[in-house]
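**Student:** Give me a model of this one.
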Amino acid sequence: MAQVHYPIVVVGAGTGGIMVSANLVRAYPGLKGKIAILDPVSKHYYQPLWTLVGGGVTDKKASEREMSSVIPEGVDWIKDAVTTFDPEANTVSTQEGKQISYQFLVVAAGIEINWDGIKGLKEALGSGGVCSNYSYDYCDYTWETIRNFKGGTAIFTQPSTAVKCGGAPQKIMYLADDAFRKAGVRDRSKVIFTTALDSIFQVPVYAKTLEQVVHRKQISPMFKRNLIEVRPDQREAVFENLETKQQEVLAYDMLHVTPPMQSPAFIRNSPLADQNGWVDVDPYTLQHRRYHNIFALGDCANLPTSKTGAAIRKQAPVVAENLVSAMQGDVLGAQYDGYTSCPLVTGYNRLVMAEFDYNKQPKESFPIDQSQERFSMYLVKKDLLPILYWNGMLKGLM
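**Tutor:** As a prediction, this is how the structure comes out:
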């Protein structure tokens, strides 16, 4: 097995891996040439745009860049997939048979979408009104489905697992509702939101606004319902009632599915994982609880906050600073407070900019009441945040 050594190895070239690498080489130029980032994919995606793609606002190509264009200068990209971790030996093994040793490891491997977690979903997706914004390949089919909807029952689901961008399952529903009204079909339509959660949103101040939105739009929420099967031939969705444990069958004309998600298998089955399969880190320093030369951030970490790019924006500088402190034998001084943000699109030209911390307390960036629907915040989501992502976050500038 070919062996290579780098002082710092970063697993994953998504938002977290790119941001940490960019922060490190920008703040510490001496680290150039000493960092390797491992990821097998050739494209990088700005996934928050996929809601707007599904709503017919944006072309999905705007969310895609060549991976080679976002790898920071001075960082080596190894286009290979990690298969196993050996934290005792300070090595990772790869799909192509490499063994890469490190002094420090950053795990930013994202989250795995479990399309097989719902019976019949994989076969149904992309036809017969079954759609999902959680895939680059299918998010434009969401808009095709909304655009061609002639009335009936439209169901939008949220699973019992953690998901990336916890607000996304309902954002597309609000856009669809607006589109149905504009097309003149809303009066012969029923819109249902099924969620495994017990409320519309987990932060009370924003939940209050969303409850008003649901009421205004005459959407029917069904709480504690988890989608377990899709029957495309019958156009039926089967749910488990999480309180009664009974199955409930709903007929649909459109079904937008947020699939269950989990930690990637090579993390779940590794010594780095906690009992739920996520990388086990201190929630404030982002250092691994057992292996102190390992850090993790983003969706694969067991942080008790929403899994969003905005959260990673605050986590990446903490990881970079604390990693360098650990390299130098210093106390870890940087702290992450659980900040995350969910830009909750509530319709075309309306958005609630939810920002909060570990304590589910608002931690807002603008001198306004962000719990209210605003056109200005919609423009921030649609036009400003993509620019900040490509030209700021991925370059280690924010």
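**Student:** which other helices and strands contact the helix or strand where Ala36 lies?
**Tutor:** In the assignment (DSSP states H and E), Ala36 maps to strand 35-38. Counting contacts by 3 or more CB pairs under 8 Å, 6 or more residues apart in numbering; DSSP states H and E, strand 35-38 packs against strand 2-11, helix 15-27, strand 75-78. Yep, even glycine has a C-beta here, placed from its N, CA and C like the rest.
**Student:** for the first one, which positions count as buried?
**Tutor:** In this case it means strand 2-11. For strand 2-11, the buried set under the neighbour-count rule, 16 or more other CB atoms under 10 Å, comprises Tyr6, Ile8, Val9, Val10, Val11.
**Student:** Now the second one: closest residue in space, sequence neighbours ignored.
**Tutor:** Spelled out, that is Ile8. Ile35 (4.5 Å; CB to CB, 6 or more residues apart in numbering).
**Student:** just the third one next, same as before
**Tutor:** The shortest distance from Val9 to any residue that is not its chain neighbour, by CB to CB, 6+ apart, is 4.0 Å, and that residue is Tyr102.
**Student:** Can you tell me how far Phe356 is from Ser365?
**Tutor:** Phe356 sits at a distance of 11 Å from Ser365 (criterion: CB to CB, to the nearest Å).
**Student:** ignore the last one, Ile78
**Tutor:** Relative to Ser365, and taking CB to CB, Ile78 is found at 36 Å.
**Student:** Could you do Tyr339 as well?
**Tutor:** 10 Å.
**Student:** shared neighbours of the two, anything?
**Tutor:** Glu355 (CB atoms under 8 Å, 6 or more residues apart in numbering).
**Student:** And the two? Which one has more around it.
**Tutor:** For Tyr339 versus Ser365, neighbours defined as other CB atoms under 10 Å are more numerous around Tyr339 (19 against 12).
**Student:** these two touch, right, that one and Ala310?
**Tutor:** Yes: using CB atoms under 8 Å as the test, Tyr339 is close enough to Ala310 to be in contact (7.4 Å).
**Student:** Which residues are in contact with each of those two?
**Tutor:** What both Tyr339 and Ala310 touch, as defined by CB under 8 Å, 6+ apart, is the set Glu355.
**Student:** sorry, back to before: could you give the average pLDDT over the next helix or strand after the strand holding Ala36?
**Tutor:** Moving toward the C-terminus from strand 35-38, the next helix or strand (DSSP H and E) is strand 43-45. The predicted model assigns strand 43-45 a mean pLDDT of 98.
**Student:** What is the next helix or strand after strand 43-45 packed up against?
**Tutor:** Later in the chain than strand 43-45, the nearest helix or strand by DSSP H and E is helix 50-54. Judged by 3+ CB pairs under 8 Å, 6+ apart, the packing partners of helix 50-54 are helix 139-147, helix 168-183.
**Student:** would you turn those into JSON lines with distance to Gln212?
**Tutor:** Putting these into JSON lines (distance: least, CB to CB, whole Å) gives the following:
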{"stretch": "helix 139-147", "distance to Gln212": "23"}
{"stretch": "helix 168-183", "distance to Gln212": "12"}
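**Student:** what's the closest of the ones you listed to Phe193?
**Tutor:** Set against Phe193 and scored by CB to CB, the helices and strands packed on helix 50-54 come closest in helix 168-183, at 5.8 Å.
**Student:** continuing past that closest one, what's the next helix or strand?
**Tutor:** Helix 168-183 is succeeded, C-terminally, by strand 189-195 (DSSP H and E).
**Student:** Alpha carbons of that following strand, as PDB, please.
**Tutor:** Once non-C-alpha atoms are left out, strand 189-195 reads as follows in PDB (Å, rounded to 0.1, in the frame of the first residue of the first chain):
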ATOM      1  CA  SER A 189     -55.700  21.800  -4.100                       C
ATOM      2  CA  LYS A 190     -54.800  20.500  -0.700                       C
ATOM      3  CA  VAL A 191     -51.300  21.200   0.600                       C
ATOM      4  CA  ILE A 192     -50.100  18.900   3.500                       C
ATOM      5  CA  PHE A 193     -46.900  19.200   5.500                       C
ATOM      6  CA  THR A 194     -46.000  15.900   7.200                       C
ATOM      7  CA  THR A 195     -43.100  16.200   9.600                       C
END
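**Student:** Could you number the chain from 843 rather than 1 from now on?
**Tutor:** Will do, 843 is the new start, and the previous item becomes strand 1031-1037.
**Student:** Report the mean per-residue pLDDT for that strand.
**Tutor:** 98.
**Student:** how many degrees apart are it and helix 1010-1025 in direction?
**Tutor:** With axes from the mean of the first three to the mean of the last three CA atoms, to 10 degrees defining the directions, strand 1031-1037 sits at 170 degrees from helix 1010-1025.
**Student:** So which elements touch strand 1031-1037?
**Tutor:** If you count contacts as 3+ CB pairs under 8 Å, 6+ apart, strand 1031-1037 packs onto strand 994-1000, helix 1010-1025, strand 1062-1065, strand 1067-1073.
**Student:** coming back round to it: okay, and the beta partners of the residue nearest to Val851?
**Tutor:** Judged by DSSP bridges, the bridge partners of Tyr944 are Tyr848.
**Student:** Kindly report the same for Arg1067.
**Tutor:** Following DSSP bridges, Arg1067 is listed with bridge partners Asn1083.
**Student:** Relative to Asn975, how far out is it?
**Tutor:** As for Arg1067, its distance to Asn975 is 19 Å (criterion: CB to CB).
**Student:** Show me where the chain dips below the pLDDT cut-off.
**Tutor:** 843-844 (pLDDT under 70).
**Student:** can I see the domain layout of it?
**Tutor:** Per the record, the chain has its domains at 844-953+1105-1180, 957-1102, by automatic domain parsing.
**Student:** could I get the ones you listed as CSV with distance to Ile1229?
**Tutor:** Listed next are the domains of the chain as CSV, based on distance: least, CB to CB, whole Å:
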stretch, distance to Ile1229
domain 844-953+1105-1180, 10
domain 957-1102, 19
